[in-house]
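Q: with the sequence up front, the predicted model follows.
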Amino acid sequence: MRANTIEYEAFDANDAQPAASRLATSLTLAAMSLGYGVVQLDVTVVNTALDAMGKTLGGGVAELQWVVSAYTIAFAAFILTAGALGDRIGAKRVFMAGFALFTAASLACALSPNAVVLIGARLVQGLAAAILVPNSLALLSHAYTDDRQRGRAVAIWAAGASLALTAGPFVGGALITLVGWRAIFLVNLPIGLAGLWLSWRYAVETTRTPSREIDLPGQLAAIGALGALAGAIIEGGALGWRHPLVLSAFAAAAVLAMLFVWRESRTAQPMLPLSLFGHRLFTLTTIFGLLVNTAIYGLIFVLSLYFQRINGLSAWWTGLAFVPMMGAVLPVNLLAPRLAERIGPCPTIVVGACVSALGCLGLLWIEAGTSYWAICAQMIAISGGLGLLVPPLTSTLLGSVEKARSGIAAGVLNATRQTGSVLGVALFGSLIAGEGALVQGLHLALVISAAVLLLAAAAIGLGARAQK
């Protein structure tokens, strides 16, 4: 009888262990999803607060561009190095440091007394975002050893981020109306604390690779080149394109970009392996990702100001105005793989780009006082096309390189897409910087976006045909 009891207790203990392990991996997934989700939330939530920030802190369109661009510049410039840092000293340690930094920077944003402090805090936020994204994915890969389970976990991780991206304008509008624009940053504090606790308690540290080098000179050159280019475009709209500071910034961007390429071609462990660009489809999809984000995120910035400054919508209604546009992305994301299986990945990318371009052209008649419902369908087409092209774009890029290099390839795509976001906000913001130039600048931004999308679609279509 005693033997049976012991056997029963042993069975209970063995059965409980897998359940505890499943709980730990599920809560690790929750922590990683919070990390990626808060990063994506802060990409879109700020757009609805631009007008309120401008009124409270002062400054013109250029300052508002820097509030958005400081985040994306740091995000784009640091994301490759952040992944290498996680490999070197452990993804859990780096992820938690990134979450703590993001939370602290969010508090600094909320308490900012002027635009300069806010821009600086946003820069730190972007650095933390770059740390969170690649290391959250590394920790997920470490937690889920089974390929099928890992695939499902990554899908949940990505879906949560898409939901946060979609909810950003609505959440921002609600918080600004009820509390004020500073609340859009304070909401990150409980998210950060929850993510930190879950990571500390349940995430398992990855294997360290001390031999993984950090390409510091390449990193500094990348930051300088991207920052100088964005600064030249932003300030060009405010100071004039022939201003000495603007010309100097363009020259500095060119020199630093050349130094970056020179450094990456000679170092043993480059931040950006240039050999990847020997693959035609990799090069095309990377450039395509940059161009698409330039068009889409630049338009979101300009449309946010159009709704508030021209049509007089409150932050609440501006947030609601973007919900159909952002909400179209997730369901179309789910449709895209099925269409890609039927007609092929590259044709699906081309279709998505053309749909977005047609949406841009359909908005060319927009003027002050145009009814929201008259432009809603075109906004949905713009984002729907984006949702259609991103999954096959990612899979095509990953499929163009060896599996052993898929991680760095994904990092390059993320970095170039964020760079496109920086350039889009900088370029399109400069088009509306003049007094009374918002509607005219919006028209020009729509023409540029349509042209860029159609050019990118033609390039990817012809490139895929030449690859066969």
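A: All right, it came through fine.

Q: where along the stretch 51-200 of the chain do the helices fall?
A: Along the stretch 51-200 of the chain, counting by DSSP state H, counting those that start in this stretch, helices occupy 61-89, 91-110, 115-143, 147-178, 183-186, 188-202.

Q: three-state assignment of the closest residue to E213 other than its chain neighbours?
A: Distances taken as CB to CB, 6 or more residues apart in numbering put Q269 closest to E213, at 4.4 Å, once the chain neighbours are dropped. No exception for glycine: its C-beta is placed from N, CA and C like everyone else's. Under DSSP: H, G, I helix; E, B strand; the rest coil, the three-state class of Q269 is coil.

Q: and G352, which of the helices of the stretch 51-200 of the chain is closest to it?
A: helix 147-178 (15.4 Å; CB to CB).

Q: by how many degrees do the closest one and helix 115-143 diverge?
A: 160 degrees (axes from the mean of the first three to the mean of the last three CA atoms, to 10 degrees).

Q: returning to that earlier point: nearest to I233, of the helices of the stretch 51-200 of the chain?
A: helix 61-89 (8.8 Å).

Q: which elements pack onto that closest one?
A: Applying 3 or more CB pairs under 8 Å, 6 or more residues apart in numbering; DSSP states H and E, one finds that helix 61-89 contacts helix 2-44, helix 50-57, helix 91-110, helix 115-143, helix 216-239, helix 280-305, helix 406-431.

Q: among the helices of the stretch 51-200 of the chain, which gets the worst mean confidence?
A: Looking at those, the lowest mean pLDDT belongs to helix 147-178 (a mean of 79).

Q: what are the buried residues along that helix?
A: By 16 or more other CB atoms under 10 Å, the buried positions in helix 147-178 come out as 153-154, 156-158, 160-177.

Q: wait, doesn't E264 sit right on S275?
A: No. Using CB atoms under 8 Å, E264 is not in contact with S275, being 9.8 Å away.

Q: who has more neighbours, these two?
A: Neighbour totals were compared for E264 and S275, and E264 leads with 19 against 12 (other CB atoms under 10 Å).

Q: give me the buried positions along the helix or strand containing that one.
A: Taking DSSP states H and E as the definition, E264 sits inside helix 244-266. Buried residues in helix 244-266, counting neighbours by 16+ other CB under 10 Å, are found at V246, A249, F250, A252, A253, L256, A257, L259, F260, R263, E264.

Q: relative to helix 216-239, how tilted is it?
A: 160 degrees.

Q: helix 244-266 - contacts with which helices or strands?
A: Counting by 3+ CB pairs under 8 Å, 6+ apart, the packing neighbours recorded for helix 244-266 are helix 216-239.

Q: C-alpha coordinates for the helix it packs on, CSV please?
A: What follows is helix 216-239 as a C-alpha-only set of coordinates in CSV (Å, rounded to 0.1, in the frame of the first residue of the first chain):
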residue,chain,number,x,y,z
LEU,A,216,31.2,50.0,-32.8
PRO,A,217,32.8,52.1,-35.6
GLY,A,218,30.2,50.8,-38.1
GLN,A,219,27.4,51.6,-35.6
LEU,A,220,28.6,55.2,-35.0
ALA,A,221,28.9,55.7,-38.8
ALA,A,222,25.3,54.4,-39.3
ILE,A,223,23.9,56.6,-36.6
GLY,A,224,25.7,59.6,-38.0
ALA,A,225,24.7,59.0,-41.6
LEU,A,226,21.0,58.4,-40.8
GLY,A,227,20.8,61.3,-38.4
ALA,A,228,22.5,63.7,-40.7
LEU,A,229,20.3,62.7,-43.7
ALA,A,230,17.1,63.0,-41.7
GLY,A,231,18.2,66.3,-40.2
ALA,A,232,19.0,67.7,-43.6
ILE,A,233,15.6,66.8,-45.0
ILE,A,234,13.7,68.0,-41.9
GLU,A,235,15.5,71.3,-41.6
GLY,A,236,15.6,71.8,-45.4
GLY,A,237,11.8,72.3,-45.3
ALA,A,238,12.2,74.8,-42.4
LEU,A,239,15.4,76.7,-43.3
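
Q: that helix: how far from the chain's middle?
A: Here the centre of helix 216-239 is set off from its chain's centre by 18 Å, with CA atoms, centre = their mean, to the nearest Å.

Q: stretch 77-87 now?
A: 15 Å.

Q: please list the outside residues in contact with it.
A: 94-95, 98, 126-127, 130-131, 133-135, 138, 206, 208-209, 212-215, 219, 222-223, 226-227, 269, 271-272, 407-408, 411-412, 414-415, 418 (CB atoms under 8 Å, 6 or more residues apart in numbering).

Q: just to check, V412 is in contact with L272?
A: Yes. With contact defined as CB under 8 Å, V412 reaches L272; the gap is 6.3 Å.

Q: point out where the chain drops to low pLDDT.
A: For the chain, the stretches flagged by pLDDT under 70 are 1-20, 147, 151, 398, 403-407, 434-435, 464-468.

Q: so what's the residue most central in space within it up against?
A: Centrality entry for the chain: nearest residue to the mean C-alpha point is Q418, 5.5 Å, by CA atoms, centre = their mean. Q418 is in contact with T72, F75, A76, I79, N293, counting by CB under 8 Å, 6+ apart.

Q: redo those as JSON lines? Include neighbour count and distance to G60.
A: Output for those, formatted as JSON lines (neighbours: other CB atoms under 10 Å; distance: CB to CB, whole Å):
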{"residue": "T72", "neighbour count": "27", "distance to G60": "20"}
{"residue": "F75", "neighbour count": "30", "distance to G60": "24"}
{"residue": "A76", "neighbour count": "29", "distance to G60": "24"}
{"residue": "I79", "neighbour count": "26", "distance to G60": "30"}
{"residue": "N293", "neighbour count": "24", "distance to G60": "24"}
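
Q: now the terminal residues of stretch 430-446, how far apart.
A: 14 Å (CA to CA, to the nearest Å).

Q: which outside residues touch stretch 230-250?
A: So stretch 230-250 is contacted by 60-62, 65-66, 69, 73, 228-229, 253, 422-423, 426-427, 429-434 (CB under 8 Å, 6+ apart).
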